[in-house]
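Novice: sequence unknown, structure follows:
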């Protein structure tokens with residue numbers, strides 16, 4: 001399984017969970033998240049995330 005981690009604060013985006021509070025439905029692939037989306041914990045842009053394998 002792949003997850004995306006914020007390199008500034010460590011928050012992880014899990015595609016199965018999404019980010020409902022941020023308007024991203026569960027099951028949304030990383031590639032479909034808008035570039036304007038920001039980390040819910042620290043506000044970093046999507047470009048500050050790197051893929052990590054679990």
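Specialist: Good, I have the coordinates. The shown structure was predicted, so the numbers you read here are calculated from the model rather than taken from an experiment.

Novice: Please count neighbours and contacts with C-alpha atoms only from this point.
Specialist: Will do.

Novice: ok, the closest residue in space to residue 33 that isn't next to it in sequence to residue 31 distance?
Specialist: Distances taken as CA to CA, 6 or more residues apart in numbering put residue 24 closest to residue 33, at 7.3 Å, once the chain neighbours are dropped. The gap separating residue 24 from residue 31 is 12 Å, by CA to CA, to the nearest Å.

Novice: where along the chain do the strands fall?
Specialist: 2-6, 12-14, 49-53 (DSSP state E).

Novice: Mind putting those into CSV with mean pLDDT, distance to residue 39 and mean neighbour count?
Specialist: Below are the strands of the chain laid out as CSV (pLDDT from 0 to 100; distance: least, CA to CA, whole Å; neighbours: other CA atoms under 10 Å):
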stretch, mean pLDDT, distance to residue 39, mean neighbour count
strand 2-6, 92, 7, 18
strand 12-14, 96, 9, 19
strand 49-53, 91, 9, 14
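
Novice: want to throw these into JSON lines with distance to residue 40?
Specialist: Formatted as JSON lines, the strands of the chain follow (distance: least, CA to CA, whole Å):
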{"stretch": "strand 2-6", "distance to residue 40": "10"}
{"stretch": "strand 12-14", "distance to residue 40": "10"}
{"stretch": "strand 49-53", "distance to residue 40": "12"}
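
Novice: any weak-confidence spans in the protein?
Specialist: 1, 54 (pLDDT under 70).

Novice: Please repeat the previous calculation with a cut-off of 80.
Specialist: For the chain, the stretches with pLDDT under 80 are 1-2, 53-54.
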